[in-house]
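*Asks:* Based on what follows, work out the 3D shape:
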Amino acid sequence: MRGKVILYFTLLIIIVIFFVISVCGAYGSGDGDSLIVADFSGMPGDTVVDSIIMINSFPVWGFSFRVVFDSAVLTPIKIYRSTRTDYFLSWSSELKERWLYHYGFASGTGPGQGRPPLEIGRGAVAYVVFAVDTDADSGRAYNIELQDDPGSPPKVNVFVDTLYNMTYPHLKNGKFTVGPEGVDDVSDCMRPNSFSLDQNYPNPFNPTTVIRYKLSAVDGLRSGVTLKVYNIVGQLVKTLADESQAAGSYSVVWDGRSAKGEEVSSGVYIYRLRVGDKVLSKRMVLLR
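*Replies:* Below you'll find the model as predicted:
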């Protein structure tokens, strides 16, 4: 019974989207309104996370995007909310072999299910998790493109405002490069002998994962080495390390639990290493 309710709910949302598109129409491509696929990278056999970024000049009630990729290299696993869309009520995806389609809305279909629209701004609205093929060619770059589907019914890259008007944003495609994964929030160009933070393994994980990092002779003399895990909205989940540490290699196991010992839910988490005034961070995915 519950499965049928979810199916009917999903179908109703899709019908509403297509009704809005066909009846209300669009008011064109808004100046400055953009949908962006961020560049990202990863090693063969890795699981990687890409960001879908929205720049919106008006409050957005809903949006959808369709991403086309090389299925010989990338396999989509799941799409997660970001800090900008964590409160969205409707959230659904189609993951196909060569493309994926996703829509999200701040409102549901039942009474009292309305939420405030997405505020004007810029930032990630969704995170897409891919598995990288084990035979991917190292050093090669692949296009990740935002493309409308001319089929019926159409799957489009579009923003919906609070009056059900449609805007087709400017689209900026990205690239996936097979190679060492970049570091979030800081420059990828680390100086020799500086500290480093590895991608956790396994990733995605359930229930445990290992986080490794290295401290150089200089960095290892610093006090206040901390390694902390945050959820996607920036709340501290657990502190894994907080102490003075000498130069060397370290590994820490996270068991997917909060500081209170409670199991945390599936999703994207950020782990952040701070040494003095230097910070490195990366994303990891928990799939229960």
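
*Asks:* Lys228 contacts Lys238, doesn't it?
*Replies:* Yes - with contact defined as C-beta atoms under 8 Å, Lys228 and Lys238 form a contacting pair (7.2 Å). Backbone N, C-alpha and C define where each C-beta goes, glycine included.

*Asks:* Pull the number of nearby residues for Glu262.
*Replies:* Applying other C-beta atoms under 10 Å, we find 10 residues neighbouring Glu262.

*Asks:* Around Asn173, how many other residues sit close by?
*Replies:* Neighbours of Asn173 (other C-beta under 10 Å): 15.

*Asks:* got a list of what it touches?
*Replies:* Contacts were defined as C-beta atoms under 8 Å, 6 or more residues apart in numbering; by that measure Asn173 touches 37, 143-146.

*Asks:* Geometrically speaking, which residue is the centre of the protein?
*Replies:* Tyr127 (1.6 Å; C-alpha atoms, centre = their mean).

*Asks:* what's the distance between it and Ser138?
*Replies:* Noted for Tyr127: a distance of 24 Å to Ser138, by C-beta to C-beta, to the nearest Å.

*Asks:* Find me the pLDDT at Val128, would you?
*Replies:* Note for Val128: predicted pLDDT of 90.

*Asks:* now the one 3 residues further on
*Replies:* The predicted structure scores Ala131 at 88 on the pLDDT scale.

*Asks:* i'd like the first residue to be 14 from this point on
*Replies:* That works, and once the first residue is 14, the last one we named lands at Ala144.

*Asks:* so it touches Val86, yeah?
*Replies:* No - look at Ala144 against Val86 with C-beta under 8 Å: they stay out of range, at 9.7 Å.

*Asks:* care to break the protein down by domain?
*Replies:* Following automatic domain parsing, the chain resolves into domains at 15-191, 209-299.

*Asks:* Just give me the lowest mean pLDDT stretch among these.
*Replies:* Among the domains of the chain, domain 15-191 scores lowest, at a mean of 83.

*Asks:* buried residues in stretch 262-281?
*Replies:* For stretch 262-281, burial by neighbour count (16 or more other C-beta atoms under 10 Å) applies to 263, 265, 267, 269, 277, 280-281.
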